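Asks: Sharing a sequence plus its predicted fold:
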Amino acid sequence: MELKFKKNFLSAAIVFATASSSTAFAQGSEERTDAELLEEVIVTGSRIKRANLETASPITSVSAEDIELSGNISLGDYLNELPALRSTYSNNNAGRFIGTTGLNLLDLRGMGTVRTLVLQDGRRHIGSSSGTSAVDVNTIPEDLLVRVDTVTGGQSAIYGADAVTGVVNFITRDDFEGLKVNLHHMQPRLDGGEASEFSVTWGSNFADGRGNVAMSIQHSQTAEVFGKDRPWVASQPGYQINPEDTGDDGIPDEILVFNSTNNLLSENGVIWGPHPLTTIFGYPEAAAPQLGSLLSGPYTFTDSGEFVTFNPGNHPPGETTSVGGDGLNFIRSTQLYPDLESQNFFTKAHYDLTDSIRFFAEAKYSRNHGESYGQPSFDYFGDLVISADNAFVPAELKQQLDAAGMDSFWYHRFHSDLGLRGDDAEREVQRYVLGVEGDLSSSWSYEVSAVYGQYDAEVDYTNNRHNARFFEAIEAVVDPDSGEVVCRSESARVNGCQPINLFGFGLNSQEAIDYFMLQDTGSTEKMTQTVFSANATGDLFELPAGALATAIGVEYREETSEVDYDQVIKDGETFMNALAPTSGEYDVAEAFFELSAPLLGDLPAIESLTLGASARFSDYSTIGATSTWGASIDWAVIEDVRVRATSSEAVRAPNIDELFAPLGENFFTWDDPCSFDKIDDAPDPDQRAARCAELGVPADFNSVRDSSSLNGLSGGNPDLKEETAETITYGLAITPRFAPGLAITVDYWDMEITDAIAGIPAQEILERCVDSASINNIYCPLVPRDSTSEVISLTSPLLNIASLTARGIDYQVDYSFDLANIITTESDWGSLKFSLLGTELLERNDYPFQDNPDDPDEERGELGDPIRSYTTNLTYSRGDFEVNWRSRYIDDMLLIEADERNDLQDPYKTPSIRYHDLHGRYKFAEFEIYGGVNNIDDVEPPVGLSGTGGDSGIYNTLGRNFYLGVNYTL
């Protein structure tokens, strides 16, 4: 009876996987024992790697052993190397936005982390990014992990919303028995990035094998990596205007240079005489009184404060990137990898009350801490005005100010010595599962479960400058009574203000800095998830080729999210964006069903033919009713060849952040389309000129703010509706009998997401305002102008306005065999296993406006989205010894937009890159020693890239690294 229970329970998973109900594919038509049947059912129903050959939906699996052997401490970083996943939020690039440090989120097909559904044992998991369902995979328990299944294509009908591009399912063990202790250390060749991990896992059967309980404790830590410790950053690459360029002539407009600096700023401060807009950009001298200083400069200061001439370095006219000189380089503020620490505790248990009723439970607690640093506060273009009577102004400078009749001057400075800005994030996740499963009859089984998850976080924004206090501190004057230098404001002095000296580097005490640099301001975040679900699976009636199997179920889910900020942040009193709190909740009730119909079998050219269908009906408290569906065909032509196809419509409901986030401060990079040198860039220059004139912009207007950061607002929209994805996959699976152990799969996939939720790009808003038939459109009110015709702000709310498309081919080859079969000997020569897993990207387009399908933003082949990528593995095993060679290939990619001229810059694309890793393990008695070297060739990111961007995160930022680990198993 226990054996039958397991078979029936696992059969339920077969149906949910849209798998063929025919079990003859792997074993042929010979009679099998119960043990063989059980093993096959486990393989198929659990969707392990072999299941990829037996389901209509393409599935890729990696085992826990593969992950451990790779030497990668981070589960997410390992998975992000799979061709189907994009490194949007890996550990080395998760600090790109406020509050995201330490998050490792999965992004199938590069279409957004919110469109990839992450499950644990087939059940939903609480997210770790406020207001969204995106799961931080650093919270997944590794030591009880069996494998990770990646199911591509829309899966909303089976798993619910968010499974738009696919599902990543983490399968954990429920039968662990014994004790396992693991110690692991990784050491890069260069400084920084050292990582270590320690874990203990224990499990035991009880009640004569009717129950099992297991628990695992894991601690890991990874050290930070700074740009100065990696040569590709320390060499200070940058692009500079090519003086040899004459236009669209095949000569690069920009060329790569080293020891590059930004000649507008300096860590020691810079005073421009004639303002940089006149010196560098060529604005008339008559504009100088409005633009800044009238000194003879430019000037800067040595570290100790000596007043010296500023050397802007070598640069062509109009170029802010120089080679050499006293301008700013970013090495000191470039962090490639944050400091990370995590602790995970996970336990699960089950108990068979009877032979057909099993109770199960899980509990998890995860605590992750991440600390990252980036650019400090800075001031330029009039943000920082120093009074001429400032007590720290050197005598030579004071003389020039007096001679020019100036009582103040503009000062440009990158304040590295006052502290790098950063995030100090501590996140906690807890998750509990309780349920019962069992048999209703000989052919029907059921499961009822409840899941509760909670996410809490505190994020401190370190060195967050309080602007008012900072400007109080720079107002340094001599107290006539004491003769000491003090803050000008008496009330500020009462509050603890100490004057600071910005004319040099590192001249101020920490006590003085602490007056205006806040360390404990930040945000608090909390999310909860409650899920109740019940389903039943079984056979309805017999068809000519087998039983019509079905699954039916209901689910109720409630999600809440809230994030709040300290008042000084909400009030916009600090250097960072003014951020508004967000809170919201929704619930959804759902019903679903699935059918698997084996129609034909044991016929010429039809070994088996199974059709599948699924549907889900949902009712959201926010957007109302939605429905999704899926259909599949699984056709075994002969025992060796299988054809499969799926078609589905998936949806993604807007999340809490998208619905309820108020409009908050943001910054946009832009160029003013009404500048006289941008008029001819329009599709209709005359129309653009007319619209700009109607807005009151003079014909000779040229914005002084082009390519700068524009302050504006962005946020959510309570009127959003669901996104819809249409997905098609079809493929071929071959397991030739003449080559036992060989399996080949090729799958084509095509998906289009419409009504995609997106903010309107700033440049699009500006251009649509002035390229429309009238200025009475929805865009012009979003970009108000001042009396000088300059754009003063921009508002970009979220809308169901975009569409996304992607097409590609996934392929996989697995071949394993005993060498003795080739050498034709009875001796044990061991075995070889080869695997190839890759993706050919045929299309990847973003349409900012889905109503304009003729204007795609082509992502295919651009940085982060290679046309071709694949991974190969070759493993030799003999007894207790195993050695593995792994190679990962990334195609060359464009560093420019796909529709731009190749002569915009040199280089305009990256070279193709191949990483090689070597791993090995050896078991003796209760011990297993494993180790290896990753990135054997010490391959660096392509020149000019740090590896920390959302696109360049695809590259390795550690360089060559070595690791060694030991397992003790009892």
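Replies: Cool, got the structure. Numbers count the residues shown, from 1 in each chain.

Asks: in which helix or strand would I find the residue nearest to residue 740 when sequence neighbours are not counted?
Replies: The shortest distance from residue 740 to any non-neighbouring residue, by CB to CB, 6 or more residues apart in numbering, is to residue 817 (7.3 Å). Bear in mind the C-beta positions are built from the backbone N, C-alpha and C, glycine included. Per DSSP states H and E: residue 817 is located in strand 794-818.

Asks: Against which helices or strands is that strand packed?
Replies: Applying 3 or more CB pairs under 8 Å, 6 or more residues apart in numbering; DSSP states H and E, we find strand 794-818 packed against strand 664-669, strand 709-715, strand 742-759, helix 762-770, strand 831-847.

Asks: Direction included, what does it pair up with?
Replies: Strand pairing for strand 794-818, using DSSP bridges, gives strand 709-715 (parallel), strand 742-759 (antiparallel), strand 831-847 (antiparallel).

Asks: was I right about the residue nearest to residue 740 contacting residue 830?
Replies: No - in this structure residue 817 lies outside contact range of residue 830 using CB atoms under 8 Å: 10.5 Å.

Asks: can you count the residues close to residue 97?
Replies: Using other CB atoms under 10 Å as the criterion, residue 97 is surrounded by 12 other residues.

Asks: before we move on, what about the one 3 residues further on?
Replies: Residue 100 sits with 20 neighbouring residues when counted by other CB under 10 Å.

Asks: Can you classify it by secondary structure?
Replies: Counting by DSSP: H, G, I helix; E, B strand; the rest coil, the backbone at residue 100 sits in coil.

Asks: got the phi/psi numbers for the residue nearest to residue 142 when sequence neighbours are not counted?
Replies: Excluding the flanking residues, the one nearest residue 142 by CB to CB, 6+ apart is residue 75, at 5.7 Å. In terms of degrees, to the nearest 10, the main-chain angles of residue 75 are phi -60, psi -40.

Asks: swap in the one 4 residues further on?
Replies: Torsion angles at residue 79 (phi, psi; degrees, to the nearest 10) stand at phi -70, psi -30.

Asks: Please name the residues that touch it.
Replies: 62, 85, 106, 137, 148, 168 (CB atoms under 8 Å, 6 or more residues apart in numbering).

Asks: Wait, the last one touches residue 116, no?
Replies: Yes - under the criterion of CB under 8 Å, residue 168 lies in contact with residue 116, with a separation of 6.4 Å.

Asks: Need the residues touching each of those two.
Replies: The contact lists of residue 168 and residue 116 share 106, 108, where a contact means CB under 8 Å, 6+ apart.

Asks: Can you give me the pLDDT of the residue nearest to residue 123 when sequence neighbours are not counted?
Replies: Among residues not flanking residue 123 along the chain, residue 451 sits closest, at 5.5 Å (CB to CB, 6+ apart). Predicted confidence (pLDDT) for residue 451: 98.

Asks: Please apply the same query to residue 469.
Replies: 97.

Asks: My read is that it contacts residue 512, right?
Replies: No - using CB under 8 Å, residue 469 is not in contact with residue 512; the gap is 10.8 Å.

Asks: Can you spell out which residues form a bridge with residue 727?
Replies: With DSSP bridges as the rule, residue 727 is bridged to residue 648, residue 751.

Asks: Could you tell me which residues make contact with it?
Replies: 153-154, 646-650, 749-751 are the contacts of residue 727 under CB under 8 Å, 6+ apart.

Asks: Serialize these to TSV and add fields for pLDDT and distance to residue 881.
Replies: Listed next are the contacts of residue 727 as TSV, based on pLDDT from 0 to 100; distance: CB to CB, whole Å:
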residue	pLDDT	distance to residue 881
153	79	39
154	79	44
646	92	41
647	94	47
648	93	45
649	94	50
650	92	46
749	96	39
750	96	44
751	95	43
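
Asks: Show me the shaky parts of the stretch 701-850 of the chain.
Replies: Along the stretch 701-850 of the chain, segments meeting pLDDT under 70 span 707-708, 824-825.

Asks: hang on, isn't the residue nearest to residue 142 packed against residue 138?
Replies: Yes - using CB under 8 Å, residue 75 is in contact with residue 138, at 6.9 Å.

Asks: So for those two, which residue has more residues nearby?
Replies: The neighbour comparison of residue 75 against residue 138 (other CB under 10 Å) goes to residue 138, with 27 against 22.

Asks: So what's the residue count around the closest residue to the more buried one other than its chain neighbours?
Replies: Closest residue to residue 138 apart from its sequence neighbours, by CB to CB, 6+ apart: residue 104 at 5.1 Å. Using other CB under 10 Å, the number of residues around residue 104 comes to 27.

Asks: Use 57 as the first number for this chain going forward.
Replies: Right, with 57 as the first residue, what we last looked at is residue 160.

Asks: for residue 160, what are its contacts?
Replies: By CB under 8 Å, 6+ apart, residue 160 lies in contact with 130-133, 136, 145-147, 150, 192-194.

Asks: Model confidence at it, what's the number?
Replies: For residue 160, pLDDT reads 91.

Asks: where's it relative to residue 773, distance?
Replies: Taking CB to CB, to the nearest Å as the measure, residue 160 falls 28 Å from residue 773.

Asks: the domain parsing of the chain - what is it?
Replies: Domain ranges of the chain: 58-280+394-430+480-518+579-674, 283-393+431-479, per automatic domain parsing.

Asks: Could you tell me the end-to-end distance of the last one?
Replies: The distance separating the two terminal residues of domain 283-393+431-479, taken as CA to CA, to the nearest Å, comes to 18 Å.

Asks: and what of stretch 870-886?
Replies: 17 Å.

Asks: same question, stretch 758-765
Replies: First-to-last residue span, stretch 758-765, CA to CA: 16 Å.

Asks: Tell me which residues are up against that stretch.
Replies: 333, 339, 347, 437, 723-728, 730-733, 846-847.

Asks: which two in the residues you listed are spaced the farthest apart?
Replies: 723 and 732 (25.3 Å; CB to CB).

Asks: low-confidence ranges in the stretch 607-756 of the chain?
Replies: The model of the stretch 607-756 of the chain has no residue with pLDDT under 70.

Asks: Likewise for the stretch 257-406 of the chain?
Replies: For the stretch 257-406 of the chain (pLDDT under 70), the answer is 329-351.

Asks: for it, what spans make up the helices?
Replies: In the stretch 257-406 of the chain, the helices defined using DSSP state H, counting those that start in this stretch lie at 287-290, 332-335, 344-347.

Asks: what's near enough to touch residue 808?
Replies: 781-782, 859-861.

Asks: any idea how far it lies from residue 670?
Replies: For residue 808, the distance to residue 670 - CB to CB - is 20 Å.

Asks: What of residue 516?
Replies: From residue 516 over to residue 670 the distance is 46 Å, taken as CB to CB.

Asks: neighbour-wise, which of these two wins?
Replies: residue 670 (24 against 18).

Asks: what helix or strand is that one on?
Replies: For residue 670, the enclosing helix or strand under DSSP H and E is strand 662-676.

Asks: Tell me the helices and strands packed up against that strand.
Replies: For strand 662-676, the packing partners by 3+ CB pairs under 8 Å, 6+ apart are helix 80-83, helix 212-215, strand 638-659, strand 680-694.

Asks: For it, which strands pair with it and how are they oriented?
Replies: strand 638-659 (antiparallel), strand 680-694 (antiparallel).

Asks: how about the strands paired with strand 850-874 in JSON lines, adding distance to residue 558?
Replies: What follows is the strands paired with strand 850-874, written out as JSON lines (distance: least, CB to CB, whole Å):
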{"stretch": "strand 765-771", "distance to residue 558": "22"}
{"stretch": "strand 798-815", "distance to residue 558": "36"}
{"stretch": "strand 887-903", "distance to residue 558": "43"}
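
Asks: coming back round to it: which of the contacts of stretch 758-765 lies closest to residue 791?
Replies: Residue 791 lies nearest to residue 725 out of the contacts of stretch 758-765, by CB to CB, at 52.3 Å.
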